[in-house]
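[1] I would like the atomic coordinates for the input below:
(2 chains)
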There are 2 protein chains.
Amino acid sequence: MDSRTAPQPTSEGYRILADAALRDYLGKLPAVAARLGGAAESWSISEVGDGNLNLVFIIRGPGGGIAVKQALPYVRLVGESWPLPLSRAHYEHLALTRQAQLAQDLVPAVIHHDPALALTAMELLEPHVIMRKGLVAGTTYPRFVDDITTFMARTLFLSSDLAVPAAEKKEAIAAFAGNHALCKITEDLIFTDPYRIAEQNRWTRPYLDATAASFREDFDLHVAISRLKLKFMSCPEALIHGDLHTGSIMVTEGDTRVIDPEFAFYGPMGFDVGAVIANLLMAYFASDGHARARGERHAFEAWVLQTVEDVWTQFARKFLDLWRSEARGDVYPATLFEGTAGAARLESERQAYMDRLFQDTIGFAAAKTIRRILGLAHNIDFELIEEPKRRAISEARSLHLARTMMLDAPSFTSISAVTRAAQALRDWQPDFSQ
Amino acid sequence: MDSRTAPQPTSEGYRILADAALRDYLGKLPAVAARLGGAAESWSISEVGDGNLNLVFIIRGPGGGIAVKQALPYVRLVGESWPLPLSRAHYEHLALTRQAQLAQDLVPAVIHHDPALALTAMELLEPHVIMRKGLVAGTTYPRFVDDITTFMARTLFLSSDLAVPAAEKKEAIAAFAGNHALCKITEDLIFTDPYRIAEQNRWTRPYLDATAASFREDFDLHVAISRLKLKFMSCPEALIHGDLHTGSIMVTEGDTRVIDPEFAFYGPMGFDVGAVIANLLMAYFASDGHARARGERHAFEAWVLQTVEDVWTQFARKFLDLWRSEARGDVYPATLFEGTAGAARLESERQAYMDRLFQDTIGFAAAKTIRRILGLAHNIDFELIEEPKRRAISEARSLHLARTMMLDAPSFTSISAVTRAAQALRDWQPDFSQ
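    Next comes the predicted model:
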């Protein structure tokens, strides 16, 4: 399947399913009926979509529950004035299917997919919560590092040129090429708008006015974000999730699932790894804003910083392990690195590859941070800090680190350099008088 | 159109056209008949294919001539044991059509294309010769620099993210994704085989035995060629010709045409620019081997080196001019670089972009050189030097420079550093006793 077989925005047979129609539709699906049990009339249906784009329903029956996601032909957050192709449901399903092959048990199981309706029914994740909500509450997740690094190492490595023969990789890139409307959202909202005057931008006024202005006037920053944008647009290294923030991760103490891959396409790996690291760093800087008493969240904050380090370290270790054992791609062929000396040289090249990926990760993490503070889409880490000045202080610390990361990524020679820099900004008091 | 609409290897309706059948087929095409004039029976048909892959016919009538190229379902040079998809004719036609839109008059005009027969009829280029033959003969071409740099600047810039909106670019990448069998030839023959024991490799024995062995044993070189291979496989920067050596260029004193774009796909720009520069450098090093008297070809050699410099310099100038006037892509948006200071910063970033492209060019030029001396496909620049030792001396000089370029591209900070290094090797006497 490729972009040309995906349903089009005006796809025939599409209709938005209201409660009765949804019940009727689902009642006719044996796989759904089997999971929910009982009669369709007895099922409870509630719309819970708190995302920006789609309708999301939870349906429960005597035997269990499912989640149903239906794409709307526009951005839900904005309305019909911002159309968005239904084909994103196709790409989300394609990505979910592929991720399930590569990192089973770390994505929700798909029960049913209807291309014409742009609708997917999945297992209901219970008692999972959106990780971002847990982080705001100061909850730590002991399985998270191991799971998310397995997810990233496996989905990224195993879809890359290191693991996949060139022909198959080219076809896979083509299969996601049609998802460009979703890529365009990223290109605009992450890589462009926060650095210029754009109607949709917002930030914590008046405290961050001067900072926002300085981001709009810093041409070195504009060059840096443009280089990252070019990399995002023209480096199809692997099948990336494309929106891997803590709002796309559902967790319990013992389970982790990555959801919502509708932004998936072949792009630079650092964009996914950077997203995870950026959102952890934002949780770190926001934490102080949620503390009711001084020092109350110190243990949580220490866990977050340790998690930032572990995410990179374990991701890199797992990625390298896969490279050593599952390098079935056409690059770095074994015949060019034979013998002990060849193996040693290849191993040092693997480290150099990870160093380059780390630099990308630093840059993309910075981009993901800046857009959440100066752009359209903000996150509850900061938004739930009610007192504006207190929120602005957390945001300013986060922005300060992000700016350095984007302008001078090479100065971060290891992940601990990042966490040290974060820690050094923990109690920094920005001067809002300027 | 994309890979899935391209004809498949076992395409229905395909047959190899023998003389009578070809005459019959062409006679029914009004566009062909109009160009050739007279009755089909009066046309002369001769097979002239001296390439490695296809059948090529020249057909002449009282009114004019055409060239007809038909793909075979295998590599002509090797035979049916090396199958190659007919779809390459589709991609060649797609590329020719696109190149004609971008750089009109620098490619042959297409008169007729038959996807099922994998056949294309084009204008007959007369009195053009294959540029490589002219270079062997010591001929200089005054129009060449201006034409080839226009071709490269326009086809590369105008198909890149700098000129094309992201959605269109992604669809264009997908449209060429199916040409992977031709990419695979490059991946194997250029980026892999010359650096390992491969049955098809050959070199001028016994003189280059030790050099060939040293290339197979140099792991730094293997890392360098592998990085270039990864770039070739995963950096779809622009629609590249993919085989832009002097055998793919037809010239007269006043005209230049680029032919045979069947290797076209979205790849790194430096691969095309590097191909032109590498083949000029090989012509330079081969020149001494064709001299019947000492110094006879000095003026030609000076022209070649000047041409190497001018190719890069004028290409870069034209590419930058296009960037300043036709940047309709989504990267480096104008709104991020407003005012005098913004314009200046963007201009310095353009220079930095060209510096990175120059580094790619140096590396790919080295790769294109090495494969012609140690790999399967050699070229007449060297092959027509009959005396093996004399040939080996030219080849060794060329290899010496190529190796330095690949291992230490950053030491070449300008194109004149390349020509100076070439000149310094002009009279170097390799020691074949080792």
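
[2] backbone dihedrals for the most far-flung residue of chain A relative to its centre, please?
    The centre of chain A is farthest from one residue, residue A:339, which by Cα atoms, centre = their mean lies 40.3 Å away. Backbone geometry at residue A:339, expressed as degrees, to the nearest 10, gives phi 80, psi 180.

[3] who's in contact with it?
    By Cβ atoms under 8 Å, 6 or more residues apart in numbering or on different chains, no residues touch residue A:339. For every residue, glycine as well, the C-beta is placed using N, CA and C.

[4] residues contacting the nearest residue to residue A:169 once chain neighbours are set aside?
    What sits nearest to residue A:169 in space, not counting adjacent residues and going by Cβ to Cβ, 6 or more residues apart in numbering or on different chains, is residue A:161, at 5.8 Å. Applying Cβ under 8 Å, 6+ apart to residue A:161 gives the contacts A:169, A:237, A:329-331, B:230, B:233-234.

[5] which two among these are spaced furthest apart?
    Spanning the widest gap among the contacts of residue A:161 are A:237 and A:330, at 14.2 Å by Cβ to Cβ.

[6] of the contacts of residue A:161, which is the most crowded?
    Neighbours here mean other Cβ atoms under 10 Å in any protein chain shown. Within the contacts of residue A:161, the largest count is held by residue A:169, at 26 neighbours.

[7] where does that one fall, secondary structure wise?
    In this structure, residue A:169 sits in helix A:166-176 according to DSSP states H and E.

[8] for the helix or strand that that helix is followed by, give the mean pLDDT please.
    Using DSSP H and E, the helix or strand that directly follows helix A:166-176 along the chain is helix A:180-189. Helix A:180-189 shows an average pLDDT of 97 in the prediction.

[9] over to stretch A:72-85?
    pLDDT averaged over stretch A:72-85 gives 88.

[10] go through it and flag the buried ones.
    By neighbour count on 16 or more other Cβ atoms under 10 Å in any protein chain shown, the buried set for stretch A:72-85 is A:72, A:74-76, A:84-85.

[11] for stretch A:118-130, same thing?
    For stretch A:118-130, by 16+ other Cβ under 10 Å, it's A:118-125, A:128-130.

[12] and stretch A:384-403, by the same measure?
    Result for stretch A:384-403 [16+ other Cβ under 10 Å]: buried residues A:385, A:390-403.

[13] that one close to chain B?
    No - shown here: stretch A:384-403 not in contact with chain B (Cβ under 8 Å from any Cβ of the partner chain), separated by at least 15.5 Å.

[14] now the stretch 301-434 of chain A against chain B: closest residue?
    Taking Cβ to the nearest Cβ, chain B has its nearest neighbour within the stretch 301-434 of chain A at residue A:345, 3.7 Å off.

[15] that residue belongs to a helix?
    Yes - membership of residue A:345 in a helix is supported by DSSP: H, G, I helix; E, B strand; the rest coil.

[16] let me know whether it touches residue B:223 as I believe.
    Yes - using Cβ atoms under 8 Å, residue A:345 makes contact with residue B:223 at a distance of 6.3 Å.

[17] so where's the stretch 1-150 of chain A shaky on pLDDT?
    A:1-11, A:51 (pLDDT under 70).

[18] repeat the analysis, applying 50 as the threshold.
    For the stretch 1-150 of chain A, the stretches with pLDDT under 50 are A:1-5, A:7-9.

[19] how about the helices in it?
    Residue ranges of the helices in the stretch 1-150 of chain A, as given by DSSP state H, counting those that start in this stretch, are A:19-27, A:30-36, A:87-102, A:131-136, A:144-157.

[20] can you lay out those as CSV showing mean neighbour count and distance to chain B?
    Below are the helices of the stretch 1-150 of chain A laid out as CSV (neighbours: other Cβ atoms under 10 Å in any protein chain shown; distance: least, Cβ to the nearest Cβ, whole Å):
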stretch, mean neighbour count, distance to chain B
helix A:19-27, 15, 31
helix A:30-36, 16, 30
helix A:87-102, 22, 12
helix A:131-136, 23, 28
helix A:144-157, 23, 13
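
[21] save those as JSON lines, and put in distance to residue B:112 too.
    JSON lines is the format used below for the helices of the stretch 1-150 of chain A (distance: least, Cβ to Cβ, whole Å):
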{"stretch": "helix A:19-27", "distance to residue B:112": "52"}
{"stretch": "helix A:30-36", "distance to residue B:112": "53"}
{"stretch": "helix A:87-102", "distance to residue B:112": "36"}
{"stretch": "helix A:131-136", "distance to residue B:112": "60"}
{"stretch": "helix A:144-157", "distance to residue B:112": "46"}
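
[22] quick one: closest of those to residue B:110.
    helix A:87-102 (33.3 Å).

[23] so how far is the closest one off the chain centroid?
    With Cα atoms, centre = their mean, to the nearest Å as the basis, helix A:87-102 stands 14 Å off its chain's centre.

[24] cool, stretch A:383-403 as well?
    The chain centre lies 21 Å from the centre of stretch A:383-403; the measure is Cα atoms, centre = their mean.

[25] my read: residue A:232 touches residue A:267, true?
    Yes - contact between residue A:232 and residue A:267 holds when scored by Cβ under 8 Å: they sit 5.9 Å apart.

[26] are there residues contacting both of those two? Which ones?
    What both residue A:232 and residue A:267 touch, as defined by Cβ under 8 Å, 6+ apart, is the set residue A:183.

[27] can you list contacts of stretch A:387-396?
    Stretch A:387-396 is contacted by residues A:203-205, A:207-208, A:211, A:285-286, A:288-289, A:373, A:382-383, A:385, A:428-430, A:432 when judged by Cβ under 8 Å, 6+ apart.

[28] would you mind listing what in the stretch 301-434 of chain A touches chain B?
    A:330-333, A:335-337, A:341-342, A:345-346, A:349.

[29] show only the entries of those found in strands.
    Among those, no member is found in strands (DSSP state E).

[30] can I see the domain layout of chain A?
    Domain assignment of chain A by automatic domain parsing yields the ranges A:3-123, A:129-425.

[31] what's the span of the longest one, first residue to last?
    Using Cα to Cα, to the nearest Å, the gap from the first to the last residue of domain A:129-425 comes to 29 Å.

[32] same check, this time on stretch A:67-84
    22 Å.

[33] what's in contact with that stretch?
    A:9-10, A:14, A:16-17, A:22, A:26, A:49, A:51-59, A:85-86, A:88-89, A:92, A:108, A:117-125, A:181-182, A:185, A:262.

[34] now it, how far from the centre of its chain.
    19 Å.

[35] which two among the buried residues of stretch A:72-85 are spaced furthest apart?
    A:76 and A:85 (13.9 Å).
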